[in-house]
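[1] Based on what follows, work out the 3D shape:
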Amino acid sequence: MTDPSVIDISHWQGYPNFEEVAASGVLGVILKATEGTSYVDPNRRQNYVNATKVGLKCCCYFWLKPGDGAAQARFFLDTIDPVPGERVVIDYEEEGCTLDTLKDAIAELIDYDSHLQITVYSGHLLKEQLGDERDEYLAENTDLWLAQYTTGTPSWPKGTYPQWSLWQYSDQGRVPGVDGDCDLDRYNGPDKELLVWLSPRGATPEPTPEPDEGVVEINITTPDNVLVRVTINGERV
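    Below you'll find the model as predicted:
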């Protein structure tokens, strides 16, 4: 598994060199699209195009603010126009947000396309609000992208989410191709499962390309009276 396997960015990271990002081993990028009901990240569209062009898997998130969760979800959907089954993320971390606001946003995403894959990104806010209780609605309709900056074992609301899917373990990481700090994320599984997780539901992600065939050069110098016999992969040449 690559570490980090995913980075998440917004306009604060400008326009990364995604060829260098991909060459470093990163497999996916999650991009900020909107915030509230009026802000659109100005770099998201071009960064999405540039990242997918070099083979990185991408999806988008919106920052949820206190208030009308459904309206914020509609604004996000109108902005990104997701394909059927696409993964979409709700950034749930602003103080003042409630579980009702979050669930209203989720319901709007489900009404738009019942096959959308919905992930909730959160750290202490969701953990404090859920505690050890199980929230059936969240458990049945979402998975968890955990935010917790620690070198040890993270903690999360296990009553609702037996496991996290993605873990943002640093907000001060460095990745080739990205100027300055960016968030680093680790997927809870092998890379091939991550590619499926980032892809629209039912899509078959393209396999990782096989490495180019290598060329092995062998130079042998012997006296004229020595017979040289060479065997390659069991066959004499």
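
[2] Tell me which residues are up against stretch 103-118.
    64, 68-70, 72-74, 77, 82, 84-90, 120, 137-138, 141-143, 200-202 (Cβ atoms under 8 Å, 6 or more residues apart in numbering). C-betas here are computed from N, CA, C, even on glycine.

[3] what ranges do the helices span in this structure?
    Secondary structure of the chain (DSSP state H): helices at 18-23, 44-53, 69-80, 99-112, 124-130, 136-141, 191-198.

[4] Any idea which of these gets closest to residue 155?
    Smallest distance to residue 155 across these (Cβ to Cβ): 7.1 Å, for helix 124-130.

[5] Next, format the helices of the chain as JSON lines and append mean neighbour count and mean pLDDT.
    Output for the helices of the chain, formatted as JSON lines (neighbours: other Cβ atoms under 10 Å; pLDDT from 0 to 100):
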{"stretch": "helix 18-23", "mean neighbour count": "18", "mean pLDDT": "97"}
{"stretch": "helix 44-53", "mean neighbour count": "16", "mean pLDDT": "98"}
{"stretch": "helix 69-80", "mean neighbour count": "20", "mean pLDDT": "98"}
{"stretch": "helix 99-112", "mean neighbour count": "18", "mean pLDDT": "98"}
{"stretch": "helix 124-130", "mean neighbour count": "17", "mean pLDDT": "98"}
{"stretch": "helix 136-141", "mean neighbour count": "14", "mean pLDDT": "98"}
{"stretch": "helix 191-198", "mean neighbour count": "18", "mean pLDDT": "97"}
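
[6] Is it possible to get JSON lines of these that adds distance to residue 148?
    Output for those, formatted as JSON lines (distance: least, Cβ to Cβ, whole Å):
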{"stretch": "helix 18-23", "distance to residue 148": "24"}
{"stretch": "helix 44-53", "distance to residue 148": "25"}
{"stretch": "helix 69-80", "distance to residue 148": "24"}
{"stretch": "helix 99-112", "distance to residue 148": "18"}
{"stretch": "helix 124-130", "distance to residue 148": "8"}
{"stretch": "helix 136-141", "distance to residue 148": "18"}
{"stretch": "helix 191-198", "distance to residue 148": "19"}
